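> Mind looking at a prediction? Sequence and model below.
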Amino acid sequence: MSDEFLEAVGSTRVGYLGANRQQTLSLGLNTTFEAKLRQYRVGKAFCDRVADEAGPDGVRLVWRSPEDLPDLAELEAPERWLDRVPAR
């Protein structure tokens with residue numbers, strides 16, 4: 001996911017809802033949106049790091065089986081996932 005995409009999603013929030021409407025959003029909705037953006041950023045950083053270390057085939061290992069999915073700690077430290085999930 002590109003940085004341009006993340007910027008577009010962030011800026012769309014104001015354009016789509018309108019400045020006045022955005023001001024009336026609950027804290028919960030804003031918090032949920034920010035959490036989703038953080039998930040995208042963490043996922044992108046994880047995939048970028050895995051691709052740097054193991055190439056595109058390494059990234060594909062994430063979807064090989066449920067056991068190969070990274071846990072939250074591994075998303076933050078991709079090297080832990082790379083150590084745990086060897087290419088078979």
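Yes, it's here.

> residue ranges for the helices of this structure, please.
Ranges of helices within the chain are 3-17, 19-23, 27-60, 72-76, 78-84, based on DSSP state H.

> Tell me which other helices or strands the third one touches.
On a contact count with 3 or more Cβ pairs under 8 Å, 6 or more residues apart in numbering; DSSP states H and E, helix 27-60 meets helix 3-17, helix 72-76, helix 78-84. (Glycine included, C-beta is placed from N, CA and C.)

> Let's see the pLDDT reported for residue 76.
pLDDT for residue 76: 95.

> for residue 13, same thing?
50.

> try the one 10 residues further on
In this prediction, residue 23 carries a pLDDT score of 56.

> In stretch 31-46, which of the residues would be classed as buried?
Using 16 or more other Cβ atoms under 10 Å as the test for burial, stretch 31-46 gives residue 46.

> Repeat that for stretch 60-78.
61, 62, 70, 74, 75, 78.

> Check the residues you listed against residue 36 and report the nearest one.
Nearest to residue 36 among the buried residues of stretch 60-78 is residue 75, at 14.4 Å by Cβ to Cβ.

> looking at it, that closest one is touching residue 49, isn't it?
No. If you go by Cβ atoms under 8 Å, residue 75 and residue 49 don't touch, sitting 10.0 Å apart.

> State the pair within the buried residues of stretch 60-78 that is farthest apart.
Counting by Cβ to Cβ, the most remote pair of these is 61 and 75, 14.3 Å apart.

> Look at the residue nearest to residue 74 when sequence neighbours are not counted and say how many residues are nearby.
Closest residue in space to residue 74, ignoring its immediate chain neighbours: residue 81 at 3.8 Å, by Cβ to Cβ, 6 or more residues apart in numbering. Using other Cβ atoms under 10 Å, residue 81 has 24 other residues around it.

> Quick check: residue 81 touching residue 72?
No. Contact criterion Cβ under 8 Å: residue 81 and residue 72 do not qualify, at 10.9 Å.

> Could you report the distance from residue 40 to residue 66?
As judged by Cβ to Cβ, to the nearest Å, residue 40 and residue 66 stand 22 Å apart.
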